[in-house]
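Asks: The amino acid sequence is not available; the structure is as follows:
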């Protein structure tokens, strides 16, 4: 299979170019979870760049055409996965829905907006995988609606062991267009980081808690 040939590097390059990703090996960011991280990724910025968002949508669509040609519906995660799910669904001429992070507090109290029908085969589109919790929750909501989740497809993954284990334990397949490894390689080539920064950046992926203690 060669669907992703060059895609991880190209997307990493785009994310750096539009400043959707920032790398600070020596001045870490603090995530909402409290984790100290040398990287911050905001894929919402891709919406403002037509060439980038179209490349992402076409890359997702290529995976679906090749690996999941019997897909019935594209489901985006709220909120950042929604626009990308819409663009992918349009390319594939498929129905699209989205999954809220929690059920609406009025009306029909929907957790899923749009239609996902029992027996359908679904792809869940996510913008970013950190620990994996919210993506797995969205996938489980789709399964509870009676559909089969063929895969979660994400733009970018931090490649944390915790996330990989969580997806495995939940029995939810995961693929990402780009990842932390590709990003650090491209950042080094572009001179965004120096060779001496690599070890520190790699130590974060291996053990985020220990990385925070080094700072």
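Replies: Great, that's in hand. A quick note: this is a predicted structure, and the numbers were derived from the prediction, not measured.
Asks: pLDDT weak spots in the protein?
Replies: 1-4, 104-109, 212-215 (pLDDT under 70).
Asks: where do the helices sit along it?
Replies: Remark: helices assigned in the chain by DSSP state H are 7-17, 50-67, 81-92, 133-144, 161-170, 180-190, 195-206, 208-214.
Asks: Nearest to residue 26, out of those helices?
Replies: With CB to CB as the criterion, residue 26 lies closest to helix 195-206 of the helices of the chain, at 7.6 Å. (Each C-beta comes from the backbone N, C-alpha and C, glycine too.)
Asks: Between the helices of the chain, which one is closest to residue 114.
Replies: Short answer: helix 81-92, nearest of the helices of the chain by CB to CB, at 9.6 Å.
Asks: who touches that closest one?
Replies: Outside of helix 81-92, the residues that reach it under the criterion CB atoms under 8 Å, 6 or more residues apart in numbering are 46-47, 53-54, 56-58, 60-61, 64-65, 71, 73-77, 95-96, 98, 123-127, 155.
Asks: Weed out the non-buried ones from those residues.
Replies: For the contacts of helix 81-92, burial is judged from neighbour counts taken by 16 or more other CB atoms under 10 Å, and it is met by 46, 53, 56-57, 60-61, 64, 71, 73-77, 95-96, 98, 123-127, 155.
Asks: Please identify the buried residues of stretch 137-153?
Replies: Along stretch 137-153, these residues count as buried under the neighbour rule (16+ other CB under 10 Å): 138, 139, 141, 142, 143, 145, 147, 149, 150, 151, 152, 153.
Asks: From the opening residue of it to its closing one, how far?
Replies: Separation of the first and last residues of stretch 137-153 by CA to CA, to the nearest Å is 14 Å.
Asks: And for stretch 172-190?
Replies: 35 Å.
Asks: just stretch 94-114 next, same as before
Replies: One end of stretch 94-114 sits 12 Å from the other (CA to CA).
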